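**Student:** Structure of the sequence below:
(3 chains)
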Amino acid sequence: MFDVTLIHYLFLSAVLFCVGLLGVIVSRHLLRVLISVEFMLNAVNINFVAFSNYNDLIRLDGHIMAIFVMAIGVCELAIGLAILILVFRKTHSVDADGEYIEEEKWS
Amino acid sequence: MNLLSLMTLLLIPLVAAIVIPLFIEGEVAIRRLSKIVAGFHLIYALFFVLYLNPSDGAYQVVQEMLNDGQVWINSLGISFSLAIDGVSLVMVVLTSLITFLAIIASKECIKDKHKFYYSMIFLLQFAVLGVFLARDLFLFFLFWELELIPMYFLISIWGSGRPKYSAMKFVLYTFFGSLFMLASILAIYYCHFMKTGSLTMDMASLGMYNGYPALVQFFAFIGFFIAFAVKFPIVPLHSWLPDAHVDAPTPVSMLLAGILLKMGAYGLIRINLYFFPSIFNFFAPIIFIFGLVSIIYAAMIAFAQTDLKKLVAYSSISHMGIVLVGLCAMNAIGVSGAVAQMVAHGLISAGLFMMVGIIYSRTKTRDIEKLGGLAQKLPVFYYLSIILCLASVGLPGLVGFVGEALCFFGAAVSDAFLTIQLFTGIAFIVAILGAVYMTSVLKRVFCGVMLDDYNEIEPVKPYEFFVLLSLIFLIIFFGFFPHYLVGIFSVPIESFFSV
Amino acid sequence: MELILQNIWVVAILPLFSFLFIIIGQKGFVHLEKKISMYLTVGVTFLGWIFSVFALIYAIQNQGNPFQENFVWMYSGSLTFSMGYLIDELSSVMLFMVTSISLLIQIYSHSYMKEDPSYHRFFAYLSFFNFAMIGLVLSSNLFQTYIFWELVGLASYLLIGFWYKKNSASKAAQKAFLVNRIGDFGLLLGIMGFLFLSYNFWFYEADVLLGFSSLKQATEVALVSTSSKGFFVVAFLMFLGPVAKSAQFPLHVWLPDAMEAPTPVSALIHAATMVAAGVFLTARLYPIFILSPVLMQLIAYVGAITALLAACMALVQYDIKKALAYSTCSQLGYMFLALGVGAYSAGMFHLLIHAYVKALLFLCAGAVIHSLSSQQDMRYMGGLRKQMPVVAYTYLIGCLSLSGIFLSGFSSKEQILSGILASGNMFLFYIALFTAGLSAFYIFRTYFMVFEGKYKGESQVEPVSKVMSVPLIVLAVPSAVLGVLLSWCFDDFVSFGFHTENHFVFLPLISIVIALFSVWLASIFYWDKKKLIDTELVKLPLKSLHRLFVEKFFIDWFYDKILNKIYAKAAYVLSKFDRFVVDASIDITFQSPVAAGKLLNIVQHKKIGAYILVSVFLLVLLCGFIMSILNLIV
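**Tutor:** The predicted structure is shown next:
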């Protein structure tokens, strides 16, 4: 078996991030966009843990940060889903490119 | 004296702001609770006056929120620390007082969304108190920005005319100013860090440190000055004020004129003057000219106004200009005068807005041309209005004179710059210009022949009398015994200048 | 004695309490019985009068040794403002004069204002005026003087606008306030300038800031620290205060309009006491003024011009109160003229005499107006001597005294004229002499028109009540004999270091001849019995002059133009500037991001994916760019 070095983790993370980004860019369904964002967050988490594991074994800052990001991700997802449901109720559509943004002028 | 805690003083309004919308039902109950809380807060703040020893110059009560031996945001040197001295104490008491009276005055102006309204009032009080109590520059900025949120809602929801526009203008204007303030805060914070190696946002240590490069001082001063000038407001950054006042409901106008404008002046003293005295000295002629322009320009425009509320708003700008005159004197007399003028203006302008509110609620118009002869129907109210208007003019025996006289005498014996005496002479013309529009108001609104429309107007109600009388009592009391006012803050100011 | 002097502040404070008592109880406990407020006010003033007698005795016994006490009112930085009281010759005489006249007029007012619904308010205001005026007279330093100076102005403002239903009354009140404000502006500015010049003296040597007792030394310090021009400016600004308060040219315009006030007020405030405060302050500030010879000249000329112009305007008035008001202006001008030429004690003496005389004349006029149910136009009076003999004879005493025919007025006018003569300025002397003739003419004109001939009015003449007659008789006594009694000792008592000597023995003769001639002239124009010449005949050739007098030399017109045309227009233009330039530019600034956003709207096609793609692409580019630059640098 070959050694799993930092660069492998970073590569994995980069791939995961790109997949997430692609998901955000191409998907029109808002739920899919949210899931893709989670992909991206987890890619970042992998980076954190990897760096922490290889560079800083004492303070474990990266691990803490990863947990922090996960917590924030959960919150974000919860709020996002709530908004999604509200949007769906109001417009009967969850299309990201849909025409349902009201304009309010400042005057 | 452990009962007196600055943290409690600060947090009472916040608790009220949270409790009221969550747990209280019914308009009467909400209003009663609000009055009780605000009244209690006022009494609590007054205890600080008794407790504070005015012979001690520096920050007299200091408190930090300690968290296991660490400050609030340890890594950035930000601490949740509060402090109070004579100058901020006066402002704190003024804030509690005006909030209390504004809540009483809200009885009939506010007809819907009571929960949200009183919650926002208390949030506003919390934010303003935070500004006056903060010892940490970051905290100061935080509260400075926080105050915008309740004010936006107070104007835009309960206002009349074009409330959304005015509220947004107010917010954007202040925001524009605070950007400069943020940049300046970061600049001195960074410089302090680079020079001394310690990260701190503590106002005392940042203020005492005098190793900032000249250029940084120069630009930081300008940045702070712009932020405070917007709040002040100094001509030509004043145009949010008349709109905001005209569209806001009466109690909110009282708060706006009574305490929010003082934040600008307070910042100017606490930061611009205390942090960079030498730069202030350098800029004193220019600031004085700004003050001069504010005084004369606003007084002249006030004369041309037909909208009573706009007139009072412009007179407010004119009177805040006097504060600048006092500050530019750069001596203890002038700065004491500036603080006294701030208090005087807070009391008087709140009273004047109340007066306009009472007239408007009776006649449904604020147009001076359409008013007249109200004295026949409301004689007692007429006398109270005379006192308010003449206090605004600066008649001796009323508090307006104390502030004006100290500001002008301070400038007269000052050596801040060469021609200050000449400028003071010109600025003093406010004594005439102010009298011109204020006596016109009295004449045109109250005297002369009464219009038939106003035969049936209802008399002034007890709660309105209570607000007016308590303001007028203070106006006369401090006018006759100014030492009870000046004595609170003269020592810290003198000790600053004697260093 | 000591006890009374130490507690003399009570004299000033008690009227304030009676004011508060009446104002607060107006609707409640005082409301039922009108006499409560009258007794309270009169009682307090009577107490003040007793105190003033003791103060006068003290001042006579201890000449040149004033009694004063001070306490701190406010301190800030290096300035300590104090309040206190100073009993010296000047203030004790003024105090006696103010309290005695006040007392009589308050008794008179009880009858005059009986039917007025605002009876209590009137007495409350009178009490407040007493508080302010006594505070002004007793004040020990310039700062305190300024405070009470404005407070008497406030009392005057309130009393002029007493009948606020009348448009003219509120207009006159505003005018009085504004004109006085100009004077106050100058006075406070002058005080500040003086403080600036003599700051070191007050800071290091004096115990009372701006105290009158050390004014002389401070002036010397001030004179050293600046050029004579600078000193003149400061003194001139201070002099503006007296000019406005004592209705001197060119700030005299408010006094005739102030006659909108009830007549007792006109007598008390706008004839006897408050307007004389300007002369009083000038006397107080004499140590400053005398060191600026230019200013002394100016004071003399301002006085002379006012005396002359006001006398001319008094010639053509038909409103009896206005005629008396212009006469007041003119006599005050006389006092300033005296002070200006250095006849200090003569000026003060005239002030004292004139206060009693003018109070008497106004009260008589008030009695006439009251019994003719508010008729003030002299063309509808006449022959009233038979209906109200007491009023007529006391008025005649006042007239004789004012025109300087043997009674009190003779001795004071005499001193002023000899003072002017001693200064050697013959031009001023002739003006003064001419004005003396004019004043005899106009005052007897009013007498003949009101009391002689036959009645021309329509309304019923009601009898004058006893309460009103008694003060008239009491006032007639000092008006007749006070001058004679005091003429030999007054200039020893109230003096400023030097005396004026009468060099010209025929002076009394000349002035009496001129006065008698003027009276004769008035009689042939206005006394129906002896009428020789119709006034219309004289008016015709002097048409333009007559117009000038009637239009008050166009001074009112000029002020009106400045305020209502020029200033109002400027303010209007400025407000438009504020609205359409300052405010609009801010609006444009805030709306420009919106406009810019609309411009960028073109690239918006509402495909979120595409936005993100573009932004990520640009971000990567930016990162690459920054990294390559960093690579280059490092």
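**Student:** for the stretch 1-150 of chain B, which spans come out with low pLDDT?
**Tutor:** Across the stretch 1-150 of chain B, residues meeting the criterion (pLDDT under 70) sit at B:1-2, B:53-71.
**Student:** Would you map the helices across it?
**Tutor:** If DSSP state H, counting those that start in this stretch is used as the criterion, the helices of the stretch 1-150 of chain B fall at B:6-23, B:27-51, B:86-109, B:114-133, B:137-146, B:148-158.
**Student:** Which residue lies nearest the spatial centre of chain C?
**Tutor:** Centroid-nearest residue in chain C, with CA atoms, centre = their mean: residue C:245, separated by 2.7 Å.
**Student:** Just confirm that residue contacts residue C:275, I think it does.
**Tutor:** Yes. Applying CB atoms under 8 Å as the test, residue C:245 and residue C:275 come out as touching, 6.6 Å apart. Glycine gets a C-beta too; all of them are placed from N, C-alpha and C.
**Student:** mean confidence for stretch A:18-32?
**Tutor:** The average pLDDT for stretch A:18-32 rounds to 87.
**Student:** my bad, should have said stretch B:317-327
**Tutor:** 91.
**Student:** and what of stretch C:180-191?
**Tutor:** 90.
**Student:** Equivalent analysis for stretch A:49-65, please.
**Tutor:** 83.
**Student:** and the end-to-end length of that stretch?
**Tutor:** End-to-end distance of stretch A:49-65: 8 Å, with CA to CA, to the nearest Å as the criterion.
**Student:** what comes into contact with that stretch?
**Tutor:** A:6, A:9-10, A:13, A:48, A:66 (CB atoms under 8 Å, 6 or more residues apart in numbering or on different chains).
**Student:** Residue ranges in the stretch 301-450 of chain C under the pLDDT threshold?
**Tutor:** Those would be none, if you go by pLDDT under 70 across the stretch 301-450 of chain C.
**Student:** Can you give me the neighbour number for the residue of it found nearest chain B?
**Tutor:** Here the stretch 301-450 of chain C gets closest to chain B at one residue, residue C:374, 18.5 Å apart by CB to the nearest CB. Using other CB atoms under 10 Å in any protein chain shown, residue C:374 has 9 other residues around it.
**Student:** Now do the SS call for it.
**Tutor:** Secondary structure, DSSP: H, G, I helix; E, B strand; the rest coil: residue C:374 is coil.
**Student:** quick one: contacts for it?
**Tutor:** If a contact means CB under 8 Å, 6+ apart, then residue C:374 has no contacts.
**Student:** tally of neighbours for the spatially closest residue to residue C:403 that is not a sequence neighbour?
**Tutor:** Leaving aside its chain neighbours, residue C:403 sits nearest to residue C:440 (3.4 Å; criterion: CB to CB, 6 or more residues apart in numbering or on different chains). The number of residues packed near residue C:440 is 29, by other CB under 10 Å.
**Student:** same deal with residue C:118?
**Tutor:** Neighbours of residue C:118 under the rule other CB under 10 Å: 16.
**Student:** if we can go back for a sec, need the contact list for the residue nearest to the centre of chain C.
**Tutor:** C:149, C:152-153, C:180, C:183, C:274-275, C:277-278, C:281 are the contacts of residue C:245 under CB under 8 Å, 6+ apart.
**Student:** And for stretch B:442-461, what's in contact with it?
**Tutor:** Contacts for stretch B:442-461 (CB under 8 Å, 6+ apart): B:308, B:358-359, B:362-363, B:368-378, B:380-382, B:385-386, B:389, B:468, C:161, C:164-167, C:169-171, C:173-174.
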